[in-house]
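Asks: Just the structure for this:
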Amino acid sequence: MALICEDLARYGVVLIPPSTREYFQLLAGIERTLQARPKGSPPVDGDALSRISEHDTSGSAILVNQAPVAIASLAYAWTFRTREGRDSQSFFLPGTTASVLLPFCLQDRTKKFDAFWNTIFPTSKRLITSEGIQYGDNTDVRAPAQDELWDGGFFSGRAGSRGDRGQPVKLTIDGVFFVDGGFAGPDTLGLWEHTTLAAEEYVASSALARQAREKSTPPDAFFQRMEAFSGYKPFPSPPPSFAPPFGPPDLEAIRKQERWVVGVLMDWLRKQLGDEAAMTSIAAWSDAPAPKLHKLDH
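Replies: As a prediction, the model looks like this:
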């Protein structure tokens with residue numbers, strides 16, 4: 001059964017299925033890129049290269065960014081079919097930690113690093129497999145600049161596991177954000193809601209920190225208030241449960257989850273900087289030059 005690819009070609013986000021000759025040409029290019037690493041790139045471990053060369057091509061597709069701007073965030077879903085004809089889905093929904101879209105606590109060097117290693121440049125390609133792994137990076141377009149150099153660790157692909165769900169029959173691009181803040185896609189997984197609500201929670205937390213500084217509120221009192229606001233407490237604090245809606249999004253559930261994520265970041269800042277400096281850092285989040293998030297015309 002030929003894999004069905006539902007992409008967003010109108011916006012330049014194109015999927016190349018394994019039933020085409022172009023797929024194998026692009027796949028060979030991705031393998032060459034990951035084998036011959038330019039200076040300053042993460043080395044690729046042998047297991048990752050083996051998985052690329054040995055993977056079942058019928059359960060994969062290659063994404064090509066034909067848009068004039070880089071892709072910042074991508075959500076997609078695989079559909080599997082059992083021998084009995086039952087369908088099931090697995091999905092990839094990126095998180096909402098600090099990034100090009102949410103740069104509220106990134107330093108200048110970190111911004112450039114993130115923009116190179118965690119986006120998909122125009123003309124860059126990614127192999128997406130039904131096992132939940134992505135392969136490829138922007139070195140297929142250019143080598144990293146001096147302030148984009150990798151500083152340690154191995155690249156092994158973004159991994160997951162689908163288990164024995166059956167035959168992969170369809171790959172659907174559900175949502176995409178570009179680095180300029182533009183968004184497109186049916187959004188059944190809630191990428192738009194997660195990202196926009198996360199941005200609101202970063203800004204709201206920053207406003208509370210500014211108010212605390214203006215009123216000379218002690219840092220420990222501020223962070224007590226933020227624990228109540230975010231729902232995050234250091235020991236222990238399990239994340240709020242959340243499942244993709246595949247329908248109208250539960251905005252309150254998403255907002256609760258994104259507040260919790262911000263709470264995790266605040267706790268990390270306290271440990272790294274101390275309470276006073278952490279509160280100052282959070283107050284500065286509102287000054288970050290974040291892109292304006294907006295939906296593209298359909």
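Asks: So which residues of the chain form helices?
Replies: Remark: helices assigned in the chain by DSSP state H are 21-35, 46-54, 108-117, 191-214, 219-230, 251-273, 275-283.
Asks: could these be laid out in CSV, adding mean pLDDT and mean neighbour count?
Replies: C-beta: built from backbone N, CA, C; applies to glycine. Formatted as CSV, the helices of the chain follow (pLDDT from 0 to 100; neighbours: other C-beta atoms under 10 Å):
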stretch, mean pLDDT, mean neighbour count
helix 21-35, 92, 15
helix 46-54, 71, 13
helix 108-117, 88, 16
helix 191-214, 96, 20
helix 219-230, 94, 17
helix 251-273, 93, 18
helix 275-283, 96, 19
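Asks: any chance of the ones you listed in CSV, plus distance to Lys292?
Replies: Shown next, in CSV, are the helices of the chain (distance: least, C-beta to C-beta, whole Å):
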stretch, distance to Lys292
helix 21-35, 33
helix 46-54, 36
helix 108-117, 17
helix 191-214, 10
helix 219-230, 25
helix 251-273, 18
helix 275-283, 22
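Asks: Nearest to Tyr76 among those helices would be which one?
Replies: helix 191-214 (9.6 Å; C-beta to C-beta).
Asks: related to what we said a few turns ago, and Phe80, which of the helices of the chain is closest to it?
Replies: helix 46-54 (18.9 Å).
Asks: Now do that closest one: which elements does it pack against?
Replies: helix 21-35, strand 134-135 (3 or more C-beta pairs under 8 Å, 6 or more residues apart in numbering; DSSP states H and E).
Asks: which residues make contact with the shortest one from outside it?
Replies: Defining contact as C-beta atoms under 8 Å, 6 or more residues apart in numbering, one finds that strand 134-135 is touched by Ile30, Leu34, Ala48, Arg51, Ile52, Arg126, Leu127, Ile128, Thr129, Gly157, Arg158.
Asks: ok, now which ones touch Ser58?
Replies: Leu3, Pro18, Pro168.
Asks: which stretch among the helices and strands packed on helix 46-54 comes nearest Lys111?
Replies: Among the helices and strands packed on helix 46-54, the nearest to Lys111 by C-beta to C-beta is strand 134-135 (21.9 Å).
Asks: Off-centre distance for that closest one?
Replies: Centre-to-centre, strand 134-135 and its host chain are 13 Å apart (C-alpha atoms, centre = their mean, to the nearest Å).
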